[in-house]
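Engineer: take a look and give me a structure for this.
(one chain, ligands or ions: 1)
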Amino acid sequence: MSAKVPPMAFVAGWPIGHTRSPVLHGHWLKRYKIAGQYLPLPIAPADFGEALRMLGKVGFVGGNVTLPHKLAAFELADEVTDRAKRLRAANTIVFDRDRGIVADNTDGYGFIENLRSARPDWRGDAGPATVLGAGGASRAIVAGLLDAGVPQLRLTNRTREKAEAIADELGGAITVVDWAEAEEAVGGSALVVNTTSMGMDGGPPLSLSLNAMGAGALATDAVYAPLDTPFLKLARAKGAQTVDGLGMLLHQARPGFAAWFGREPEVDEELRQAVLGR
Ligand code: ATR
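Structural biologist: Numbering: from 1, shown residues only. Purely as a prediction, here's the structure:
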(Lines give C-alpha, C1' and ligand atoms only; values in the text may rest on other atoms or scores of the structure.)
Protein backbone atom coordinates (compact mmCIF):
# COMPACT_ATOMS: atom_id res chain seq x y z
CA MET A 1 0.00 0.00 0.00
CA SER A 2 1.40 3.42 -0.91
CA ALA A 3 1.47 6.35 1.50
CA LYS A 4 -1.10 9.09 0.90
CA VAL A 5 0.37 11.77 -1.39
CA PRO A 6 -0.19 15.33 -0.05
CA PRO A 7 -2.57 17.27 -2.33
CA MET A 8 -0.97 19.60 -4.85
CA ALA A 9 -2.52 22.62 -6.56
CA PHE A 10 -1.05 24.94 -9.18
CA VAL A 11 -1.32 28.37 -10.70
CA ALA A 12 -0.74 28.30 -14.45
CA GLY A 13 0.13 31.39 -16.46
CA TRP A 14 2.51 32.69 -19.12
CA PRO A 15 4.48 34.43 -17.78
CA ILE A 16 3.90 33.46 -14.16
CA GLY A 17 6.66 35.40 -12.38
CA HIS A 18 4.53 38.12 -10.77
CA THR A 19 1.75 36.07 -9.21
CA ARG A 20 1.12 36.47 -5.48
CA SER A 21 -1.03 33.33 -5.35
CA PRO A 22 1.71 30.94 -4.11
CA VAL A 23 2.34 33.22 -1.10
CA LEU A 24 -1.39 33.45 -0.44
CA HIS A 25 -2.15 29.72 -0.60
CA GLY A 26 1.19 28.88 1.04
CA HIS A 27 0.21 31.06 4.01
CA TRP A 28 -3.11 29.22 4.42
CA LEU A 29 -1.49 25.78 4.06
CA LYS A 30 0.94 26.67 6.84
CA ARG A 31 -1.67 28.26 9.07
CA TYR A 32 -4.03 25.28 8.84
CA LYS A 33 -1.15 22.76 9.03
CA ILE A 34 -2.14 21.11 5.77
CA ALA A 35 0.59 19.03 4.15
CA GLY A 36 -0.24 20.31 0.67
CA GLN A 37 1.58 22.30 -1.97
CA TYR A 38 0.67 25.16 -4.29
CA LEU A 39 3.05 25.61 -7.20
CA PRO A 40 3.47 28.25 -9.92
CA LEU A 41 3.68 26.61 -13.36
CA PRO A 42 4.80 28.56 -16.42
CA ILE A 43 2.85 26.97 -19.29
CA ALA A 44 3.03 28.34 -22.84
CA PRO A 45 -0.34 28.80 -24.58
CA ALA A 46 0.40 26.06 -27.16
CA ASP A 47 0.99 23.51 -24.39
CA PHE A 48 -1.87 24.49 -22.10
CA GLY A 49 -4.49 21.94 -23.16
CA GLU A 50 -2.14 18.99 -22.96
CA ALA A 51 -0.64 20.21 -19.69
CA LEU A 52 -4.02 20.76 -18.02
CA ARG A 53 -5.22 17.25 -18.83
CA MET A 54 -1.93 15.79 -17.64
CA LEU A 55 -1.92 17.72 -14.34
CA GLY A 56 -5.14 15.96 -13.38
CA LYS A 57 -3.42 12.63 -13.81
CA VAL A 58 -0.24 13.29 -11.85
CA GLY A 59 -1.49 14.14 -8.39
CA PHE A 60 -2.86 17.67 -8.73
CA VAL A 61 -6.28 18.30 -7.17
CA GLY A 62 -6.78 21.49 -9.16
CA GLY A 63 -5.43 24.98 -9.53
CA ASN A 64 -5.79 28.54 -10.68
CA VAL A 65 -5.37 29.74 -14.21
CA THR A 66 -4.36 33.26 -15.00
CA LEU A 67 -3.51 35.18 -18.17
CA PRO A 68 -3.54 34.15 -20.98
CA HIS A 69 -5.28 30.85 -20.16
CA LYS A 70 -8.65 31.90 -18.74
CA LEU A 71 -10.62 31.32 -21.96
CA ALA A 72 -8.76 28.10 -22.86
CA ALA A 73 -9.41 26.66 -19.40
CA PHE A 74 -13.10 27.44 -19.78
CA GLU A 75 -13.24 25.81 -23.23
CA LEU A 76 -11.30 22.70 -22.21
CA ALA A 77 -13.39 21.96 -19.11
CA ASP A 78 -15.75 19.00 -18.91
CA GLU A 79 -18.07 20.98 -16.65
CA VAL A 80 -18.37 24.73 -16.02
CA THR A 81 -20.19 26.63 -13.28
CA ASP A 82 -22.86 29.18 -14.20
CA ARG A 83 -20.66 32.10 -13.22
CA ALA A 84 -17.81 30.84 -15.45
CA LYS A 85 -20.27 30.33 -18.31
CA ARG A 86 -21.50 33.88 -17.95
CA LEU A 87 -17.96 35.27 -18.32
CA ARG A 88 -16.68 32.61 -20.75
CA ALA A 89 -13.55 32.51 -18.62
CA ALA A 90 -12.25 30.39 -15.76
CA ASN A 91 -9.81 31.17 -12.97
CA THR A 92 -10.30 28.09 -10.76
CA ILE A 93 -10.04 24.42 -11.79
CA VAL A 94 -10.97 21.35 -9.80
CA PHE A 95 -10.09 17.85 -11.01
CA ASP A 96 -12.98 15.63 -10.01
CA ARG A 97 -12.81 11.87 -10.34
CA ASP A 98 -16.36 11.65 -11.66
CA ARG A 99 -16.95 15.01 -13.32
CA GLY A 100 -13.52 15.52 -14.88
CA ILE A 101 -12.13 19.05 -15.30
CA VAL A 102 -14.52 21.43 -13.51
CA ALA A 103 -14.02 25.14 -14.24
CA ASP A 104 -15.25 28.00 -12.07
CA ASN A 105 -14.77 31.77 -12.09
CA THR A 106 -14.47 33.37 -8.66
CA ASP A 107 -13.30 36.86 -9.73
CA GLY A 108 -16.72 38.54 -9.41
CA TYR A 109 -17.34 36.68 -6.15
CA GLY A 110 -13.96 37.89 -4.83
CA PHE A 111 -14.83 41.49 -5.69
CA ILE A 112 -18.21 41.38 -3.93
CA GLU A 113 -16.86 39.49 -0.89
CA ASN A 114 -14.13 42.10 -0.50
CA LEU A 115 -16.69 44.91 -0.44
CA ARG A 116 -18.94 42.99 1.96
CA SER A 117 -16.18 42.13 4.40
CA ALA A 118 -14.72 45.66 4.38
CA ARG A 119 -18.17 47.33 4.59
CA PRO A 120 -20.64 44.87 6.13
CA ASP A 121 -23.45 47.40 5.63
CA TRP A 122 -22.80 47.64 1.86
CA ARG A 123 -25.80 46.82 -0.28
CA GLY A 124 -25.86 46.37 -4.06
CA ASP A 125 -29.24 48.06 -4.31
CA ALA A 126 -28.07 51.22 -2.49
CA GLY A 127 -27.95 53.15 -5.78
CA PRO A 128 -26.26 53.42 -9.17
CA ALA A 129 -22.70 52.16 -9.59
CA THR A 130 -20.10 53.46 -12.04
CA VAL A 131 -17.42 51.13 -13.36
CA LEU A 132 -14.43 52.79 -15.03
CA GLY A 133 -12.76 50.56 -17.61
CA ALA A 134 -13.80 47.58 -19.73
CA GLY A 135 -10.85 45.16 -19.65
CA GLY A 136 -10.68 41.66 -18.20
CA ALA A 137 -11.14 42.71 -14.57
CA SER A 138 -14.13 44.88 -15.48
CA ARG A 139 -16.23 42.03 -16.94
CA ALA A 140 -16.08 39.95 -13.77
CA ILE A 141 -16.75 42.97 -11.55
CA VAL A 142 -19.71 44.08 -13.67
CA ALA A 143 -21.21 40.57 -13.50
CA GLY A 144 -20.70 40.47 -9.72
CA LEU A 145 -22.38 43.85 -9.27
CA LEU A 146 -25.38 42.89 -11.42
CA ASP A 147 -25.78 39.72 -9.34
CA ALA A 148 -25.59 41.84 -6.18
CA GLY A 149 -28.64 43.78 -7.37
CA VAL A 150 -27.14 47.10 -8.53
CA PRO A 151 -30.15 48.96 -10.00
CA GLN A 152 -28.15 50.89 -12.62
CA LEU A 153 -24.61 50.17 -13.72
CA ARG A 154 -22.86 52.95 -15.61
CA LEU A 155 -20.04 51.44 -17.61
CA THR A 156 -17.53 53.79 -19.16
CA ASN A 157 -14.32 53.13 -21.05
CA ARG A 158 -11.86 55.13 -23.13
CA THR A 159 -12.58 52.70 -25.99
CA ARG A 160 -16.39 52.77 -25.96
CA GLU A 161 -16.82 49.59 -28.07
CA LYS A 162 -15.31 47.46 -25.33
CA ALA A 163 -17.90 48.73 -22.84
CA GLU A 164 -20.63 48.05 -25.40
CA ALA A 165 -19.37 44.50 -25.90
CA ILE A 166 -19.63 43.84 -22.14
CA ALA A 167 -23.11 45.37 -22.04
CA ASP A 168 -24.22 43.20 -24.98
CA GLU A 169 -22.78 40.09 -23.38
CA LEU A 170 -23.99 40.56 -19.81
CA GLY A 171 -27.18 42.51 -20.46
CA GLY A 172 -29.12 43.61 -17.39
CA ALA A 173 -29.01 47.08 -15.96
CA ILE A 174 -25.92 48.35 -17.80
CA THR A 175 -25.85 51.83 -19.33
CA VAL A 176 -22.79 52.54 -21.47
CA VAL A 177 -21.51 56.06 -20.85
CA ASP A 178 -19.07 57.88 -23.11
CA TRP A 179 -15.61 58.33 -21.56
CA ALA A 180 -15.98 62.09 -22.03
CA GLU A 181 -18.92 61.89 -19.60
CA ALA A 182 -17.26 59.68 -17.00
CA GLU A 183 -17.07 62.53 -14.47
CA GLU A 184 -20.83 63.13 -14.66
CA ALA A 185 -21.50 59.40 -14.29
CA VAL A 186 -19.51 59.41 -11.04
CA GLY A 187 -21.92 62.06 -9.70
CA GLY A 188 -24.87 60.40 -7.99
CA SER A 189 -23.19 57.00 -7.90
CA ALA A 190 -23.31 55.11 -4.62
CA LEU A 191 -20.31 53.05 -5.73
CA VAL A 192 -17.44 53.93 -8.08
CA VAL A 193 -14.99 51.25 -9.18
CA ASN A 194 -11.73 51.81 -11.03
CA THR A 195 -10.77 48.84 -13.18
CA THR A 196 -8.47 50.78 -15.51
CA SER A 197 -4.71 50.68 -15.23
CA MET A 198 -4.64 54.40 -14.39
CA GLY A 199 -2.57 54.87 -11.25
CA MET A 200 -1.14 51.37 -11.27
CA ASP A 201 2.61 51.05 -10.65
CA GLY A 202 4.11 51.55 -14.11
CA GLY A 203 0.71 52.46 -15.57
CA PRO A 204 -0.66 55.75 -16.95
CA PRO A 205 -1.52 58.55 -14.51
CA LEU A 206 -5.07 59.07 -13.22
CA SER A 207 -6.74 61.56 -15.57
CA LEU A 208 -10.04 62.09 -13.71
CA SER A 209 -10.91 64.86 -11.22
CA LEU A 210 -13.70 62.95 -9.41
CA ASN A 211 -15.13 66.39 -8.65
CA ALA A 212 -18.69 65.07 -8.84
CA MET A 213 -18.09 62.21 -6.42
CA GLY A 214 -20.63 62.29 -3.61
CA ALA A 215 -19.41 62.52 -0.02
CA GLY A 216 -21.36 59.40 0.94
CA ALA A 217 -20.08 57.31 -1.98
CA LEU A 218 -17.97 54.19 -1.73
CA ALA A 219 -14.92 53.91 -4.01
CA THR A 220 -12.84 50.83 -4.72
CA ASP A 221 -10.03 49.94 -7.08
CA ALA A 222 -9.20 46.67 -8.83
CA VAL A 223 -5.56 47.77 -8.72
CA TYR A 224 -3.62 46.86 -5.57
CA ALA A 225 -0.09 47.90 -6.55
CA PRO A 226 0.19 50.42 -5.02
CA LEU A 227 -2.29 49.51 -2.30
CA ASP A 228 -3.43 53.08 -1.78
CA THR A 229 -3.91 54.09 -5.42
CA PRO A 230 -4.15 57.68 -6.71
CA PHE A 231 -7.85 56.91 -7.41
CA LEU A 232 -8.50 55.90 -3.79
CA LYS A 233 -6.54 58.89 -2.43
CA LEU A 234 -8.49 61.31 -4.59
CA ALA A 235 -11.83 59.66 -3.75
CA ARG A 236 -11.03 60.02 -0.04
CA ALA A 237 -10.15 63.66 -0.55
CA LYS A 238 -13.64 64.11 -2.04
CA GLY A 239 -15.18 62.62 1.09
CA ALA A 240 -15.84 59.10 -0.17
CA GLN A 241 -15.20 55.92 1.79
CA THR A 242 -12.67 53.60 0.18
CA VAL A 243 -11.86 49.89 0.00
CA ASP A 244 -8.55 48.81 -1.50
CA GLY A 245 -8.25 46.13 -4.19
CA LEU A 246 -6.06 43.57 -2.43
CA GLY A 247 -9.06 41.87 -0.84
CA MET A 248 -10.46 40.94 -4.26
CA LEU A 249 -7.38 38.79 -4.87
CA LEU A 250 -7.61 37.25 -1.39
CA HIS A 251 -11.32 36.47 -1.53
CA GLN A 252 -11.32 35.05 -5.07
CA ALA A 253 -8.85 32.43 -3.78
CA ARG A 254 -11.15 31.07 -1.04
CA PRO A 255 -13.41 28.72 -3.06
CA GLY A 256 -10.41 27.06 -4.75
CA PHE A 257 -8.55 26.48 -1.49
CA ALA A 258 -11.67 25.02 0.13
CA ALA A 259 -12.27 22.66 -2.81
CA TRP A 260 -8.65 21.46 -3.08
CA PHE A 261 -7.61 21.27 0.55
CA GLY A 262 -10.94 20.72 2.33
CA ARG A 263 -10.89 23.71 4.63
CA GLU A 264 -12.66 27.09 4.37
CA PRO A 265 -9.81 29.62 4.69
CA GLU A 266 -10.07 33.02 6.33
CA VAL A 267 -9.00 36.40 5.03
CA ASP A 268 -7.47 38.57 7.75
CA GLU A 269 -4.79 41.19 8.36
CA GLU A 270 -2.03 38.61 8.78
CA LEU A 271 -2.79 37.22 5.32
CA ARG A 272 -2.86 40.71 3.83
CA GLN A 273 0.57 41.48 5.28
CA ALA A 274 1.98 38.14 4.07
CA VAL A 275 0.74 38.74 0.53
CA LEU A 276 2.11 42.29 0.61
CA GLY A 277 5.50 40.79 1.54
CA ARG A 278 5.65 42.63 4.85
P1 ATR B 1 -7.41 44.29 -16.95
O2 ATR B 1 -7.54 42.91 -17.51
O3 ATR B 1 -6.57 44.34 -15.70
O4 ATR B 1 -8.73 44.96 -16.77
P5 ATR B 1 -6.79 45.46 -19.50
O6 ATR B 1 -7.65 44.43 -20.11
O7 ATR B 1 -5.47 45.72 -20.11
O8 ATR B 1 -6.53 45.12 -17.99
O9 ATR B 1 -7.62 46.81 -19.39
C10 ATR B 1 -7.05 48.00 -19.05
C11 ATR B 1 -8.15 49.03 -18.88
O12 ATR B 1 -7.56 50.29 -18.56
C13 ATR B 1 -8.97 49.28 -20.15
O14 ATR B 1 -10.29 49.58 -19.80
C15 ATR B 1 -8.26 50.47 -20.75
O16 ATR B 1 -9.01 51.24 -21.65
P17 ATR B 1 -9.02 50.88 -23.24
O18 ATR B 1 -9.97 49.74 -23.37
O19 ATR B 1 -9.48 52.11 -23.89
O20 ATR B 1 -7.61 50.53 -23.59
C21 ATR B 1 -7.97 51.27 -19.52
N22 ATR B 1 -6.92 52.27 -19.70
C23 ATR B 1 -5.61 52.03 -19.87
N24 ATR B 1 -4.93 53.20 -19.99
C25 ATR B 1 -5.85 54.20 -19.85
C26 ATR B 1 -5.77 55.64 -19.88
N27 ATR B 1 -4.62 56.28 -20.03
N28 ATR B 1 -6.92 56.32 -19.72
C29 ATR B 1 -8.09 55.69 -19.57
N30 ATR B 1 -8.24 54.34 -19.53
C31 ATR B 1 -7.13 53.60 -19.69
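Engineer: residues of the stretch 101-250 of the chain that sit close to the ligand?
Structural biologist: By C-beta under 6 Å from any ligand atom, the part of the stretch 101-250 of the chain that sits against the ligand consists of 133-138, 157-159, 162, 195-198, 204, 207. Where you see a C-beta, it was placed from the backbone N, CA and C, and this is true even at glycine.
Engineer: buried ones among the residues you listed?
Structural biologist: Buried members of those, scored by 16 or more other C-beta atoms under 10 Å, are 133, 134, 136, 137, 138, 157, 158, 162, 195, 196, 198.
Engineer: export the residues you listed as TSV, with columns for secondary structure and pLDDT.
Structural biologist: Below are those laid out as TSV (DSSP: H, G, I helix; E, B strand; the rest coil; pLDDT from 0 to 100):
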residue	secondary structure	pLDDT
133	coil	98
134	coil	98
136	helix	89
137	helix	93
138	helix	97
157	strand	98
158	coil	98
162	helix	98
195	coil	98
196	coil	98
198	coil	98
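Engineer: so which of the residues of the stretch 101-250 of the chain next to the ligand is the closest to residue 180?
Structural biologist: Distance to residue 180 across these (C-beta to C-beta) is lowest for residue 158, with 9.8 Å.
Engineer: against residue 198, how distant is the closest one?
Structural biologist: Residue 158 is 9 Å from residue 198, where distance means C-beta to C-beta, to the nearest Å.
Engineer: now this protein against the ligand: closest residue?
Structural biologist: Nearest residue of the chain to the ligand (C-beta to the nearest ligand atom) works out as residue 135 at 2.2 Å.
Engineer: quick one: contacts for that residue?
Structural biologist: Residue 135 makes contact with 162, 195, 196, 197, according to C-beta atoms under 8 Å, 6 or more residues apart in numbering.
Engineer: pull up the gap between the spatially closest residue to the third one that is not a sequence neighbour and residue 256, please.
Structural biologist: So the one you mean is residue 196. Nearest residue to residue 196 in three dimensions, chain neighbours excluded: residue 133, at 3.7 Å (C-beta to C-beta, 6 or more residues apart in numbering). The gap separating residue 133 from residue 256 is 25 Å, by C-beta to C-beta.
Engineer: please apply the same query to residue 192.
Structural biologist: 29 Å.
Engineer: looking at the two, which one has more neighbours?
Structural biologist: residue 192 (30 against 25; other C-beta atoms under 10 Å).
Engineer: helix, strand or coil for that one?
Structural biologist: Following DSSP: H, G, I helix; E, B strand; the rest coil, we place residue 192 in the strand state.
Engineer: which strand residues bridge it?
Structural biologist: Residue 192 has the following beta-bridge partners by DSSP bridges: residue 130, residue 219.
Engineer: and the residue positioned nearest the centre of the chain, backbone torsions?
Structural biologist: Relative to the mean C-alpha position of the chain, the nearest C-alpha, by C-alpha atoms, centre = their mean, is the one of residue 107, at 3.3 Å. Torsion angles at residue 107 (phi, psi; degrees, to the nearest 10) stand at phi -70, psi -50.
Engineer: quick one: the nearest residue to it once chain neighbours are set aside from residue 229, how far?
Structural biologist: Closest residue to residue 107 apart from its sequence neighbours, by C-beta to C-beta, 6+ apart: residue 140 at 3.5 Å. To residue 229, residue 140 is 19 Å away according to C-beta to C-beta.
Engineer: A strand includes residue 154, no?
Structural biologist: Yes. Assigned with three-state DSSP, residue 154 falls within a strand.
Engineer: stretch 223-234: which residues count as buried?
Structural biologist: Neighbour counts over stretch 223-234 (16+ other C-beta under 10 Å) mark 223, 224, 229, 230, 231, 232, 234 as buried.
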